[in-house]
Every structure is written in structure tokens, then in C-alpha cells.
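[1] Task: produce atomic coordinates for the following.
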Amino acid sequence: MGTSRASPPSLPPTERLHPRADDLDLLSIQKVVRRLHDEDLAAVRAVRAALPAVSEAARAVADALRAGGRLLYVGAGTSGRLGVLDASECPPTFGVPPSQVRAAIAGGRRALTRAVEGAEDDLEAGATAVRAFRAGPKDVVCGISASTSTPYVLGALREAKRRGAHTVLVCCNPPGPKVDADTVVLARTGPELVAGSTRLKAGTATKLILNAITTAAFVSLGKVYRGRMVDVRPANAKLRTRAARMVAELTELPAPEASKLLKAAGGEVKLALAMHFTGLGAREARKRLHNEGLRALSTGGRRSARTKKPR
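    Modelled structure (predicted):
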């Protein structure tokens with residue numbers, strides 16, 4: 001039985017043969033799963049090494065959102081689907097409008113559930129996606145490409161740059177000279193156990209990076225308080241139960257009183273907390289919340305409301 005030759009060094013890392021993959025098809029399912037898990041741990045380590053760039057990207061996104069801009073993802077294949085996933089999860093988690101975090105994938109909606117062959121090779125389609133977003137100087141356009149060479153993503157980044165947007169590239173191969181991005185988040189995940197299948201540890205690393213970018217950005221914008229998603233939109237039974245539980249936990253009120261407070265706040269957890277901390281009605285509590293933030297109200301809101309002298 002022959003063995004595989006080593007990959008030529010000219011191949012990008014994610015396309016090369018993994019040194020532990022030659023006998024993969026001879027292993028039991030249990031051993032294959034164990035080996036895949038070992039590679040997932042390598043993906044985590046690769047992301048850890050990229051944390052300074054992840055932080056830089058998150059700061060750029062937070063600054064953009066604070067100034068009224070948007071985060072716009074662009075990708076193809078697995079990378080594109082991960083961008084769509086992250087964008088779709090921000091509104092229910094952080095209570096932001098869907099227009100603040102958007103995503104475009106090569107091949108359009110059909111590419112979410114099946115491969116659209118050749119779509120990622122269309123440089124102009126990436127530029128068209130950015131034009132359709134009407135991207136501008138207030139926005140962050142984040143291209144996602146494990147290989148760094150996806151024409152659709154490169155076209156999008158060039159158009160975004162031309163329009164003055166801050167550009168980010170999330171990738172798993174070192175970018176070549178043709179790639180021009182303000183922030184490059186490179187997770188060096190290396191060869192996959194199935195050569196070129198970047199849905200494996202490259203996809204895992206990409207998911208971790210996107211999670212970190214948006215979560216850190218929205219935490220810095222006050223969307224999280226004491227480890228809880230206080231801007232959650234309670235659009236279903238599970239989220240309504242979670243909202244009531246958060247109010248009860250953070251105010252230390254009995255469940256019936258917490259539910260009553262939440263109702264008075266129109267179902268808004270953060271506003272309910274501001275009302276409790278300040279002793280004010282919804283309208284005035286909302287103003288204080290906007291001006292001071294929930295942390296400040298939680299430490300001094302009730303005291304300042306009680307000691308405020310009438311004019």
C-alpha cells in the first residue's frame with residue numbers, strides 16, 4: 001500500500017495534506033472523532049494567537065455602530081454561511097435592528113442550503129453586494145475567506161475600501177499582496193484532516209472569531225449587564241421566561257412583582273431594571289438610562305432619585 005506524498009510548499013496551508021491524515025480512512029469512527037476533536041483544539045489555539053487582531057476588529061465594529069454605522073459581512077461557502085448566521089443572531093440576542101448587522105453570501109439565498117458552483121469566483125458580484133449595501137465611511141465591511149483568495153470577497157473588500165468603509169478580513173491563510181484590508185484577523189489553523197475542507201477547523205476558528213467580534217462590540221455598547229442579555233427581544237415563550245427571570249434575579253424581587261415591573265416596562269428588561277434602580281416611571285427612567293447607562297443607575301440611581309430636590 002502506497003502513502004501520500006507531502007504537499008508542495010506552494011499550496012496554501014489549508015490546502016495541504018495533514019501529517020496525521022494518511023491513515024484516517026483506516027481508523028474506527030471513535031478514533032476519527034477523537035482526531036477531529038484534537039484539531040478543534042488546535043483551532044482554539046489559533047484563535048488565541050489572533051486575539052489582538054480580533055480585539056482591533058471588535059473595537060472598529062463598536063465604533064462604527066456607536067456612530068450610526070453598520071457591520072456588513074461578505075463571504076462564500078462555509079465562510080459566507082457563518083457570516084449570515086452571526087448577522088441573524090445579533091437582533092434577538094442584543095436587541096438591535098436587523099439593518100445594523102447584515103450579510104451577503106456568494107450565490108444569494110440559495111447558497112445557504114446548497115453549493116452554488118462558481119459563485120465565489122465572481123469578483124464583480126462581491127463589489128455589487130457592497131454597492132447594494134450602500135456601504136460608506138461609517139460602516140465596517142468584514143470579508144470572510146479561509147483561503148484569503150476568494151474573488152467574491154476580494155471584490156467586496158476593494159469596493160468597500162473605495163467607498164471609505166473600514167475593512168476587515170477574517171482568514172486562515174496568510175493574505176497575499178493583492179489583499180488590502182485595514183484589519184486582518186488571521187487564525188493559522190493549517191492543513192485540515194480532509195485536505196481543503198475548511199468547514200472543519202478553519203470553520204470552527206471563523207465561528208469563534210465572529211462570535212468574539214460581535215459579542216465584544218455589543219458588550220462595549222451596553223447590551224450586556226452582569227453577564228445577561230438585557231436587550232434581548234422576548235419574541236417567544238422561552239425568551240419571555242428568560243426576560244422575567246433576569247428581572248427577578250437582578251432586582252431580587254419576587255417573581256410576580258418582577259413580571260409586573262417587566263410589563264410596566266413594555267417587556268424591555270433594561271428599562272425595567274432602570275425603573276427599579278431609580279424608582280422612576282418608564283419615561284423618566286428611559287432618559288436616565290440613555291444618559292447614564294445601567295451600571296451607573298444600579299449603583300446610585302435610587303439614591304439620586306430620592307435625594308433630588310424639587311426646583
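[2] Pick out the least confidently modelled helix or strand of this structure, by mean pLDDT.
    helix 294-307 (a mean of 67; mean pLDDT, DSSP states H and E).
[3] Pull the residues that contact stretch 58-66.
    Stretch 58-66 is contacted from outside by 70-71, 96, 100, 138-140, 142, 166, 168, 182-183, 212-214, 216-218, 220-221, using C-beta atoms under 8 Å, 6 or more residues apart in numbering. To be clear about C-beta, it is placed using only N, CA and C from the backbone, and glycine gets the same treatment.
[4] Please, a PyMOL command that selects the buried ones among these?
    To isolate the buried subset of the contacts of stretch 58-66 in PyMOL, counting by 16 or more other C-beta atoms under 10 Å, use the following:
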select buried, resi 70+71+96+100+139+140+142+166+168+182+183+212+213+214+216+217+218+220+221
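[5] Take the contacts of stretch 58-66 and keep only those in strands.
    Among those, DSSP state E puts 71, 140, 142, 166, 168, 183 in strands.
[6] Just give the number of residues close to the closest residue to residue 288 other than its chain neighbours.
    Leaving aside its chain neighbours, residue 288 sits nearest to residue 278 (5.6 Å; criterion: C-beta to C-beta, 6 or more residues apart in numbering). Residue 278 has 24 neighbours, counted by other C-beta atoms under 10 Å.
[7] again with residue 202
    Per other C-beta under 10 Å, the neighbour tally for residue 202 reads 29.
[8] check contacts around it.
    Contacts of residue 202 by C-beta under 8 Å, 6+ apart are 14, 43, 78, 146, 172, 187, 189, 192.
[9] next one: phi and psi at the nearest residue to residue 39 once chain neighbours are set aside?
    Distances taken as C-beta to C-beta, 6+ apart place residue 201 nearest to residue 39, at 4.6 Å, with adjacent residues excluded. Backbone torsions of residue 201, given as degrees, to the nearest 10, read phi -70, psi -30.
[10] again, but for residue 67
    Main-chain dihedrals, residue 67, degrees, to the nearest 10: phi -90, psi 10.
[11] For the stretch 151-300 of the chain, which segments count as strands?
    166-171, 183-186 (DSSP state E, counting those that start in this stretch).
[12] Using JSON lines, please lay out those together with distance to residue 238 and mean pLDDT.
    Converted to JSON lines, these look like this (distance: least, C-beta to C-beta, whole Å; pLDDT from 0 to 100):
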{"stretch": "strand 166-171", "distance to residue 238": "30", "mean pLDDT": "98"}
{"stretch": "strand 183-186", "distance to residue 238": "32", "mean pLDDT": "98"}
